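> Next input, structure requested:
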Amino acid sequence: QPIAWGLSKPSEFASVQPFSAPVTATLQAISPGGRWLAVAPDGQRVFVGDGIESRPAITLPIGLQIQSAALSADGYRVAVAACVEAGAKATETPTARPTATPTAGPTATPTAGPSATPTKEGASGPTQTPTPSRELTDCRVVIWSVNPALPITRTHNIPGSEPIVAMAFRPGRPDQLALATRSGTVQRYDLSTSKAVNLATSLGEIVDLAFTGDGGKLAALIGSGLVKVWDWAEPTRVEGYDFGTQGKRYDAVEFLQDGAWLALAAHPSDPQATPAPGATPAPEATQASAPQLELWQPGARPQPVAT
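Modelled structure (predicted):
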């Protein structure tokens, strides 16, 4: 179950109720406002639910191996990045709940060069990227319209050359996306023009993307703790911050207070921090191995707020 912290009162937290029955999420995505939640329970379906109103969750049948997902701020658009596993046959069995038969909409074909061709979109908020056990081919980003006033529809099917490991919709502009590829490229993608533009290449293992609340800045988090921040209007203006700590791996990034703070989620990377099966860890070892949430201001020391 996802857990949401009220950062104004870090000691208090609220648990989001399961959609129907408890599920083990392979990845999840949360809309910028925090209302809408998408969960992939098995790598081939996505559940989309409303965190405020008690309405039945919508199930989107993907039929491919999902790599990442993202939700627009209004919850009306869902982006899912997926690939075909070598040796596996792609299937798509409609299981929408409430019942709805997805119909293919206009196909968006990127016109940018191969290096700027998106294949998947990243999620805003904590996202776990599945480690592929086979070669991934035929990667693509599928955009779904899930406006409750309209039929559930696939509006875009964007092919690409490699997996997209993180995605984020720009707040206030659901036609604009940020994408991160497995090779470490960060891209801007415009759904209205079907064009992708590279912001950076060869950054390393990108694990998450996040926008400020006004969509003016974009952050990319590398697993080592390095964060790159771009000005969306002037992408040549980029800042870099290395928040990495020895023995830690970073999983997610989010802006707080109009970009004044960065929140980073981390976990220990040292195998010795995790006790062997059946062993009883010492209290200090348990504390050291617990996931952590850190608050950072550029140039300041981190402030852990929860473990």
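> Ser202 falls within a strand, correct?
No: looking at Ser202 with DSSP: H, G, I helix; E, B strand; the rest coil, it is coil, so not inside a strand.
> Strands along the stretch 201-307 of the chain, start to end?
Here the stretch 201-307 of the chain has its strands, by DSSP state E, counting those that start in this stretch, at 206-211, 217-222, 226-231, 238-242, 248-256, 261-268, 292-296, 303-306.
> Could you dump those strands into CSV and include mean pLDDT, distance to Gln65 and mean neighbour count?
Backbone N, C-alpha and C define where each C-beta goes, glycine included. Formatted as CSV, the strands of the stretch 201-307 of the chain follow (pLDDT from 0 to 100; distance: least, Cβ to Cβ, whole Å; neighbours: other Cβ atoms under 10 Å):
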stretch, mean pLDDT, distance to Gln65, mean neighbour count
strand 206-211, 96, 18, 26
strand 217-222, 96, 23, 24
strand 226-231, 94, 27, 19
strand 238-242, 91, 32, 13
strand 248-256, 92, 20, 21
strand 261-268, 90, 23, 19
strand 292-296, 87, 29, 19
strand 303-306, 59, 32, 14
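> As JSON lines, those strands with distance to Leu136 would be great.
Below are those laid out as JSON lines (distance: least, Cβ to Cβ, whole Å):
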{"stretch": "strand 206-211", "distance to Leu136": "16"}
{"stretch": "strand 217-222", "distance to Leu136": "21"}
{"stretch": "strand 226-231", "distance to Leu136": "25"}
{"stretch": "strand 238-242", "distance to Leu136": "29"}
{"stretch": "strand 248-256", "distance to Leu136": "21"}
{"stretch": "strand 261-268", "distance to Leu136": "24"}
{"stretch": "strand 292-296", "distance to Leu136": "31"}
{"stretch": "strand 303-306", "distance to Leu136": "34"}
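> And the nearest residue to Ala265 once chain neighbours are set aside, how far from Ser161?
Leaving aside its sequence neighbours, Ala265 sits nearest to Ala252 (Cβ to Cβ, 6 or more residues apart in numbering; 4.2 Å). For Ala252, the distance to Ser161 equals 26 Å [Cβ to Cβ, to the nearest Å].
> I'd like to know how many residues surround Arg173.
16 (other Cβ atoms under 10 Å).
> So it is in contact with Gly216, correct?
No: the criterion here is Cβ atoms under 8 Å, and Arg173 misses it with Gly216 at 11.0 Å.
> wait, doesn't Gly63 sit right on Gln44?
Yes: judged on Cβ under 8 Å, Gly63 makes contact with Gln44 at a distance of 6.0 Å.
> Roughly how far does Leu191 sit from Ile143?
Distance of Leu191 to Ile143, given as Cβ to Cβ: 7 Å.
> Pick out whichever of the two has more residues nearby.
Legend: neighbour count by other Cβ under 10 Å for Leu191 and Ile143, higher for Ile143 (24 against 20).
> For Trp36, see how far away the residue nearest to that one when sequence neighbours are not counted is.
Leaving out its chain neighbours, the residue that sits closest to Ile143 by Cβ to Cβ, 6+ apart is His156, at 3.8 Å. Going from His156 to Trp36 by Cβ to Cβ gives 19 Å.
> again, but for Leu295
From Leu295 over to Trp36 (counting by Cβ to Cβ), the distance is 24 Å.
> bridging residues for Ala220?
In this entry, Ala220 is beta-bridged to Leu209, Lys228, by DSSP bridges.
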